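Participant: How does the following fold in three dimensions:
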Amino acid sequence: MSDGPPIKLTDAENQVGSIEEEKQRALIRSLDADTKTRLWVAGVMTVLFVGLNAAVIFLVWHAFAADVDLLKSKLIQNNQRLITENVFMSLVGATVVQVGVTLVAITGYLFPKKT
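Facilitator: Numbers count the residues shown, from 1 in each chain. All right, here's what the predicted structure looks like:
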């Protein structure tokens, strides 16, 4: 029936073993790629988080400096400041919420719940 040499039981065992080993290697490669992707996404989110917060700090710093300059030159009164108590409270509150949401997002992505 077949033109090739007869297949021995050990040959079949070797083929099945090599298939199982290849499946294990593929699973390991998949897990490795998944881990690298998760770390990359976490890194990107962290860079965005730090960059956006730095931009807000920069903006507030310059607005505060402008307030001080305008107050020194008596162009505005104390109640006309750009950076008021409400602005500071809003920025602090928004930053706390942002940190919380970012940590939940990164943690949920890096450590998914097992189903």
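
Participant: Pull the contacting residues for the residue nearest to the spatial centre of the chain.
Facilitator: Compute the mean C-alpha point of the chain, and by Cα atoms, centre = their mean the closest residue is residue 42, 2.5 Å away. Applying Cβ atoms under 8 Å, 6 or more residues apart in numbering to residue 42 gives the contacts 106, 109, 110. C-beta: built from backbone N, CA, C; applies to glycine.

Participant: List only buried entries from those residues.
Facilitator: Using 16 or more other Cβ atoms under 10 Å as the burial test, these include residue 106 as buried.

Participant: mind giving me JSON lines with the contacts of residue 42 and columns for distance to residue 91, pLDDT and secondary structure?
Facilitator: Below are the contacts of residue 42 laid out as JSON lines (distance: Cβ to Cβ, whole Å; pLDDT from 0 to 100; DSSP: H, G, I helix; E, B strand; the rest coil):
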{"residue": "106", "distance to residue 91": "22", "pLDDT": "79", "secondary structure": "helix"}
{"residue": "109", "distance to residue 91": "26", "pLDDT": "77", "secondary structure": "helix"}
{"residue": "110", "distance to residue 91": "28", "pLDDT": "76", "secondary structure": "helix"}
